[in-house]
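turn this into a model:
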Amino acid sequence: MGERGEALLRILIGLITGIILGLWKVLIQIIVIVHWIFVIISGKRSNELAEFVEMWNTQIYVYLRYMTLVSNERPFPFKGLTKNLSSFKK
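So this is what the prediction gives:
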């Protein structure tokens, strides 16, 4: 696929991924509030919640690199999340 075709494909991928990441962001915002409350009550952080938020941070980074034509690595949901999920389950 040529550069023009790749640029057009990025628009479609960008829209789909942007919507998914936007919905995921709402979940992350709720998790952050719950995590703060958890830390205040228990006095310790939840590594699982922190790792879930880190997955989102990583996917946003990959998305921005792809959409700004810095990288050809396709963002979530097209690539990369399965690797992150396998490390999340450990």
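
confidence score at M1?
According to the prediction, M1 has pLDDT 69.

now swap in F76 and tell me
Listed pLDDT for F76 reads 73.

do R4 as well
84.

what about it, which helix or strand?
R4 is part of helix 3-42 when elements are defined by DSSP states H and E.

same deal with I60?
Under the criterion of DSSP H and E, I60 resides in helix 47-67.

pLDDT weak spots in the chain?
Applying pLDDT under 70 to the chain picks out residues 1, 78-90.

make it 50
Counting by pLDDT under 50, the chain contains low-confidence ranges at 88, 90.

S71: what secondary structure?
What DSSP: H, G, I helix; E, B strand; the rest coil gives for S71 is coil.

quick check: it touching L64?
No - S71 is beyond contact range of L64, at 9.3 Å (criterion: C-beta atoms under 8 Å). Placement of C-beta: from N, CA and C, glycine included.

these two touch, right, S46 and H35?
Yes - with contact defined as C-beta under 8 Å, S46 reaches H35; the gap is 6.2 Å.

those two: which is more packed in?
When neighbours are counted by other C-beta atoms under 10 Å, S46 and H35 differ, and H35 comes out ahead with 18 against 14.

list the contacts of the more buried one.
Residues near H35 by C-beta atoms under 8 Å, 6 or more residues apart in numbering: 45-46, 49-50, 53.

apply 6 Å and report the result again.
Neighbour list for H35: L49 [criterion: C-beta atoms under 6 Å, 6 or more residues apart in numbering].

pull the number of nearby residues for the closest residue to V34 other than its chain neighbours.
Leaving aside its sequence neighbours, V34 sits nearest to L49 (C-beta to C-beta, 6 or more residues apart in numbering; 7.5 Å). Residues lying near L49 (other C-beta under 10 Å) number 16.

same question for S71.
14.

how about it, phi and psi?
Per-residue torsions, S71: phi -140, psi 150 (degrees, to the nearest 10).

and it, how far from V34?
Noted for S71: a distance of 32 Å to V34, by C-beta to C-beta, to the nearest Å.

just L12 next, same as before
34 Å.

and the two? Which one has more around it.
More neighbours surround V34 than the other of L12 and V34, with 12 against 9 (other C-beta under 10 Å).
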